[in-house]
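Student: Dropping the sequence and predicted coords here.
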Amino acid sequence: MAGEYRICPRCGRSSREVPFIGPLCRDCYVEVYGVARLPDKVVFTYCQYCGRYKYQGGWNEPTGSVEDTLVNFLHMYLTKKLRPTEHIEEAWIREIRLERPFTGPGIYMARVVVEGESNGVVAREERMVRVQVNAAVCPYCTNRITKRGYNAVIQVRSSSGRLDEGLRERIDSFLAGMAPSLADAIIGVEEEKEGFDLLVSDPSVARMIASKLRSAFLAKTIETFKLVGRNPDGTRKGRLTISVRVPDIKPGDLLVIGDEHYFYLARSRGGAVMVNLDTGREEHFDSDHLWSMGFKEYPGGVELRRYMLLSRGPSTTVFLDAETGYERVVEVPSDTVKVYVSDFREGREYKVFLAGGRVYVVGEANEVSE
């Protein structure tokens, strides 16, 4: 009926003044029953080395700083434990704040803002939750520190016998960019005179890492398996070793593959694009093809010259041969000049390879004339 209203038996206010939840006004309902039930105490354990945190029986990746990870953990944990009170249809956590800055292990109080809804009426309350923060060492970091628990070794070596600084940096950069599911399995790195070893916990992951190195660097891989003991159940325990030989080559290099001359143009998916300087054709090499053909760095010879670009027109390109003291003029049809440098202009000196009636501009000379 029009004009009817309810009176809160606890505070005396009417439904004209404040919305009701169940038998009480919203404010009294929150004071008496609360919006939802929450745990009073929570334990949070994190790894002091990598920041992973323990949740649901496992160690999980951090979501930022330890403080950010803690707040996100509380949100997940408390949301899962949240139980609306009798007349609240749905409840959720609006906000969580630590009462003091995070400084490491210890006791913290978290202010938790909880909201809930009943017949379109939204109620809100603040609860204090005691958080015990513990620091530990997760299994991943334990293995890294002790270098135990590895079941595979990836031996990374160069085809030239020693990893030079540039090649090592490219490999390190590649490994750093791998997915966490692969990187986390590497529990240690041991430096060796000829290269380095990756100690990997899971043989299947080791094979995946080796395969990626093989694809990215045209490497050759060889697997061996060695018996190292027995498991607690009596079964034999072995360790996988994968030899990864990385060719010490990079885009821009001149190579001899088989009996022919090649210019390493660019990396490609699963291999490399090489220009056959004897035929002028571009060819794709994968790891198997490269190693089966045999390769070496171009040792130098009459085919490799140092030219200065004098002029370049639609039909004719003119060079000066720097190795004759710029006395010999070399004039060639422009369509026989193949340029593999980003900046090709008059007055600069370039390394050129002469083959098959073509002039391949394969790099800038060490000395540049002004």
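Tutor: That came in fine, so what should we check first?

Student: Which residue, other than its chain neighbours, is closest to L254?
Tutor: Using Cβ to Cβ, 6 or more residues apart in numbering and skipping residues adjacent in sequence, the residue nearest L254 is Y298, 3.7 Å away. From N, CA and C alone the C-beta is placed, and that goes for glycine too.

Student: Which residues are in contact with the one you found?
Tutor: Going by Cβ atoms under 8 Å, 6 or more residues apart in numbering, Y298 touches 253-256, 261, 304.

Student: For the residues you listed, which single residue is the most surrounded?
Tutor: Neighbours here mean other Cβ atoms under 10 Å. Within the contacts of Y298, the largest count is held by H261, at 23 neighbours.

Student: so which helix or strand takes in that residue?
Tutor: Secondary structure assigned from DSSP states H and E places H261 in strand 260-268.

Student: List the buried residues in that strand.
Tutor: Taking 16 or more other Cβ atoms under 10 Å as the basis for neighbour counts, the residues of strand 260-268 that come out buried are 261-265.

Student: Nearest to E194, out of these: which one, please.
Tutor: When these are compared for distance to E194 (Cβ to Cβ), Y264 wins out at 23.1 Å.

Student: Show me what the closest one is bridged to.
Tutor: Applying DSSP bridges to Y264 gives these bridge partners: M274.

Student: just checking, it touches L255?
Tutor: Yes - taking Cβ atoms under 8 Å as the definition, Y264 is a contact partner of L255 at 6.2 Å.

Student: what sits in contact with each of these two?
Tutor: Counting by Cβ under 8 Å, 6+ apart, the contacts common to Y264 and L255 are 249, 274.

Student: domains for the chain, by residue range?
Tutor: The chain breaks down into these structural domains: 33-136, 147-246, 254-297, 304-364 (assignment by automatic domain parsing).

Student: JSON lines for those domains, including mean pLDDT and distance to R10?
Tutor: JSON lines is the format used below for the domains of the chain (pLDDT from 0 to 100; distance: least, Cβ to Cβ, whole Å):
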{"stretch": "domain 33-136", "mean pLDDT": "94", "distance to R10": "11"}
{"stretch": "domain 147-246", "mean pLDDT": "87", "distance to R10": "54"}
{"stretch": "domain 254-297", "mean pLDDT": "88", "distance to R10": "72"}
{"stretch": "domain 304-364", "mean pLDDT": "91", "distance to R10": "80"}
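
Student: Output those domains in a markdown table, with distance to I7 appended to each entry.
Tutor: Listed next are the domains of the chain as a markdown table, based on distance: least, Cβ to Cβ, whole Å:
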| stretch | distance to I7 |
| --- | --- |
| domain 33-136 | 17 |
| domain 147-246 | 60 |
| domain 254-297 | 76 |
| domain 304-364 | 84 |
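
Student: Can you check which of those domains gets nearest to P19?
Tutor: Proximity of the domains of the chain to P19 was assessed by Cβ to Cβ; the nearest stretch is domain 33-136, lying at 4.4 Å.

Student: Assign a three-state SS to L290, would you?
Tutor: Three-state call for L290 (DSSP: H, G, I helix; E, B strand; the rest coil): helix.

Student: Next: Y49.
Tutor: When the structure is split into helix, strand and coil by three-state DSSP, Y49 lands in coil.

Student: can you count the residues close to it?
Tutor: When neighbours are counted by other Cβ under 10 Å, Y49 registers 15.

Student: Please give the element, helix or strand, for the closest residue in space to it that isn't next to it in sequence.
Tutor: When the adjacent residues along the chain are set aside, Y49 lies closest to C141, with 4.2 Å between them (Cβ to Cβ, 6+ apart). Taking DSSP H and E as the definition, one finds C141 inside helix 139-146.

Student: and that helix, which residues are buried?
Tutor: Of the residues in helix 139-146, those scored as buried under the neighbour-count criterion (16+ other Cβ under 10 Å) are 140-141, 143-144.

Student: contacting residues around that helix?
Tutor: 47, 49-50, 52, 59, 137, 148-150, 184, 187-188, 201.

Student: for the stretch 151-300 of the chain, what spans make up the strands?
Tutor: Under the criterion DSSP state E, counting those that start in this stretch, the stretch 151-300 of the chain carries strands at the ranges 152-158, 186-191, 195-200, 220-230, 236-246, 254-257, 260-268, 271-276, 282-285, 295-297.

Student: Neighbouring strands - and their directions - for the third one?
Tutor: Partner strands and pairing direction for strand 195-200 (DSSP bridges) are strand 152-158 (antiparallel), strand 186-191 (antiparallel).

Student: tell me the angle the longest one makes with strand 220-230.
Tutor: Between strand 152-158 and strand 220-230, the angle formed by their directions is 150 degrees, by axes from the mean of the first three to the mean of the last three Cα atoms, to 10 degrees.

Student: Taking their axis directions, strand 152-158 and strand 236-246 sit at what angle?
Tutor: Angle of strand 152-158 versus strand 236-246, following the same axes, to 10 degrees, is 20 degrees.

Student: And the contacts of strand 152-158?
Tutor: The set of residues external to strand 152-158 that reach it, using Cβ under 8 Å, 6+ apart, is 163-164, 167, 171, 192, 194-203, 205-207, 209-210, 213, 239-248.

Student: same question, stretch 277-285
Tutor: For stretch 277-285, contacts defined as Cβ under 8 Å, 6+ apart pick out 218, 254, 257, 260-263, 265, 268, 271-276, 293, 303, 338, 353, 355-356, 358, 360.

Student: can you check stretch 49-62 too?
Tutor: The contact list for stretch 49-62, computed with Cβ under 8 Å, 6+ apart, reads 44-47, 65-66, 68-70, 73, 76-77, 136-141, 144-145, 180.

Student: Could you work out the end-to-end span of that stretch for me?
Tutor: For stretch 49-62, the first-to-last residue distance is 11 Å (Cα to Cα, to the nearest Å).
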